[in-house]
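Asker: Turn this into a structure:
(one chain, ligands or ions: 1)
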Amino acid sequence: MQGANAGDWPVVGHRWAVDLLRPLVQSGGSGPRHAYLFLGPPQIGKSTLAYAFGTALLCTDPDARPCGHCRSCQLMAKNGHPDFWLIQPTDKDGAVDRANGLLRGEAATAIVRDAMLRPVEGQYKFILIQDAHQANDTFANKLLKTLEEAPTHVVLCLTANDRAELLPTIVSRCQVLELRPLPIELIAHTLESQGAASHAEADLLARLSNGRMGWAMAQLQSKGGLEQRQEDLHTLWQLSRASRVERLAFSQSLSSSRQNERLFGLLALWTGWWRDVLLAQAGCLDACNNIDHQAEIERDAQSFVPVDVQAFLHTLSRIEGYLHHTVNTTLALDVLLLQLPRPSVSR
Ligand SMILES: [Zn+2]
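Answerer: Residues are numbered from 1 along each chain as shown. Okay, here's the model as predicted:
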């Protein structure tokens, strides 16, 4: 809580959600419900909000929660609070199947068992289950049982990308908070005011983030993020002018890498690029996100036929949907690469 005032929640944006949760943690308030579900795209701030909620709930200061000073707040700051549990698909304890990236039944059994025990420090036990959409059936069913029978001292907080990927019976037992993308200006201002980025860099990252603060921060921290983007954009420009054989070779190398995060990141970058090209074709260059490549956007806007660009954006969205479910990544990527538009005018 360094640099923050007592009672401040360290959450950028999502004010409505903080305002909704804050009264529940205040002493003498109505108290929280049993279960919450924070929905939204990856890195939009779901876990940050959940940590802030958990910290404030477990804080023992009567006036400003979180206070940042009490024993509970200090334990939280050290990630060592015995009443705050984090369950995630890549749990290091091995309770979770890392190979499949799934939340498995064993982890849920532990939740059911330990939820019954009284909190160690204070009034509540806060259980954060990240990426609940990755739960297998056994986990989901056991979780459902906990949601139905949890003692009053337990507060469950689930995060997931989309409610459609969860059992409807789980969603209906939670209070759902759907986090929306943050304004570009807020992200840019936050990055710049933290001294983390120059004005131009902050503006570019904010535009590319699609309103996801966590994504923008991760790009800054990884350092290689923006360089990788440059490389990926150059590859895309080459591929759209490459032969069928070269395109299929790229598809092969991408599908054999089996790095889902990389694959979906690349598809998001392609979507962002073609969206910009379409905007430029509609005369809206100002609304483009890849502002550091205006010349290339204008070049592609003139080289490609708008209807081809539009059709490819549809294909991208369709293939991305398949890839979340299908097992045949190679086939889906082959289709995508073959439908990448070709320039009608060579430039
Ligand atoms: Zn405190």
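Asker: Please determine how far the closest residue to residue 27 other than its chain neighbours is located from residue 28.
Answerer: Of all residues not flanking residue 27 in the chain, residue 62 sits nearest, at 4.9 Å (CB to CB, 6 or more residues apart in numbering). Bear in mind the C-beta positions are built from the backbone N, C-alpha and C, glycine included. The spacing between residue 62 and residue 28, counted by CB to CB, to the nearest Å, is 9 Å.
Asker: How about residue 159?
Answerer: On the measure of CB to CB, residue 159 and residue 28 end up 29 Å apart.
Asker: and the residue nearest to residue 27, helix, strand or coil?
Answerer: Assigned with DSSP: H, G, I helix; E, B strand; the rest coil, residue 62 falls in the coil class.
Asker: Residue ranges of each domain in this protein, please.
Answerer: Per automatic domain parsing, the domain ranges recorded for the chain read 15-178, 184-222, 223-339.
Asker: Show me which residues of the shortest one are buried.
Answerer: It stands for domain 184-222. For domain 184-222, burial by neighbour count (16 or more other CB atoms under 10 Å) applies to 184, 187-188, 190-192, 197, 201-217, 219-220.
Asker: Contacts for stretch 296-316 next, please.
Answerer: 233, 237, 240, 267, 270-271, 274-278, 280-282, 285, 288, 290, 335-336, 339-347 (CB atoms under 8 Å, 6 or more residues apart in numbering).
Asker: Tell me which of these fall in helices.
Answerer: Applying DSSP state H to these, the entries found in helices are 233, 237, 267, 270-271, 274-278, 280-281, 335-336, 339.
Asker: just the buried members of those?
Answerer: The buried subset of the ones in helices among the contacts of stretch 296-316 (16+ other CB under 10 Å) comprises 233, 267, 270-271, 274-278, 280-281, 336, 339.
Asker: Reformat those as CSV; add distance to residue 319.
Answerer: Listed next are these as CSV, based on distance: CB to CB, whole Å:
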residue, distance to residue 319
233, 19
267, 8
270, 10
271, 11
274, 13
275, 16
276, 19
277, 18
278, 18
280, 23
281, 22
336, 5
339, 9
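Asker: Out of those residues, the closest to residue 113 would be?
Answerer: For these, the closest approach to residue 113 (CB to CB) belongs to residue 267, at 40.3 Å.
Asker: Does that closest one touch residue 321 like I think?
Answerer: No. Using CB atoms under 8 Å, residue 267 makes no contact with residue 321, being 10.6 Å away.
Asker: near the ion, which residues of the protein?
Answerer: By CB under 5 Å from the ion, the residues of the chain that approach the ion are 59, 61, 66, 67, 70, 73.
Asker: from the residues you listed, which single one is nearest residue 49?
Answerer: Taking the residues of the chain next to the ion together and measuring to residue 49 by CB to CB, the closest member is residue 66, at 13.1 Å.
Asker: Where does the closest one sit: helix, strand or coil?
Answerer: With three-state DSSP as the basis, residue 66 sits in coil.
Asker: what residues are up against it?
Answerer: Contacts of residue 66 (CB under 8 Å, 6+ apart): 1, 6, 7, 9, 52, 55, 56, 59, 73, 76.
Asker: Swap in 7 Å and give it another go.
Answerer: By CB atoms under 7 Å, 6 or more residues apart in numbering, the contact set of residue 66 is 1, 55, 56, 59, 73.
Asker: Would you map the strands across this structure?
Answerer: 35-39, 84-87, 125-129, 154-160, 175-178 (DSSP state E).
Asker: any idea which of these scores lowest on pLDDT?
Answerer: Lowest mean pLDDT within the strands of the chain: strand 84-87, at a mean of 89.
Asker: Give the partner strands of it in its sheet and their orientations.
Answerer: Strand 84-87 sits in its sheet next to strand 125-129 (parallel), going by DSSP bridges.
Asker: so where is the stretch 101-250 of the chain shaky, pLDDT-wise?
Answerer: In the predicted model of the stretch 101-250 of the chain, residues 101-106, 223 satisfy pLDDT under 70.
Asker: Who are the contact partners of the residue of it at minimum distance from the ion?
Answerer: Nearest residue of the stretch 101-250 of the chain to the ion (CB to the ion) works out as residue 122 at 10.0 Å. By CB under 7 Å, 6+ apart, the residues touching residue 122 are 58, 60, 72, 83.
Asker: ditto for residue 277
Answerer: Contacts for residue 277 were tallied using CB under 7 Å, 6+ apart; they are 297, 300, 301, 304, 309.
Asker: quick check, nearest of the residues you listed to residue 260?
Answerer: The shortest gap between residue 260 and any of the contacts of residue 277 belongs to residue 309, at 26.1 Å (CB to CB).
Asker: For residue 339, give me its contacts.
Answerer: Taking CB under 7 Å, 6+ apart, we find residue 339 in contact with 312, 315.
Asker: Next one: it, what pLDDT does it get?
Answerer: You'll see residue 339 listed with a pLDDT of 94.
Asker: Likewise for residue 100?
Answerer: So residue 100 comes in at 41 (pLDDT).
Asker: distance of the most centrally placed residue in the chain from the ion?
Answerer: For the chain, residue 42 is the residue whose C-alpha lies nearest the centre (CA atoms, centre = their mean; 1.1 Å). In this view, residue 42 and the ion are 30 Å apart by CB to the ion, to the nearest Å.
Asker: Now do the contacts for that residue.
Answerer: Residue 42 makes contact with residue 161, according to CB under 7 Å, 6+ apart.
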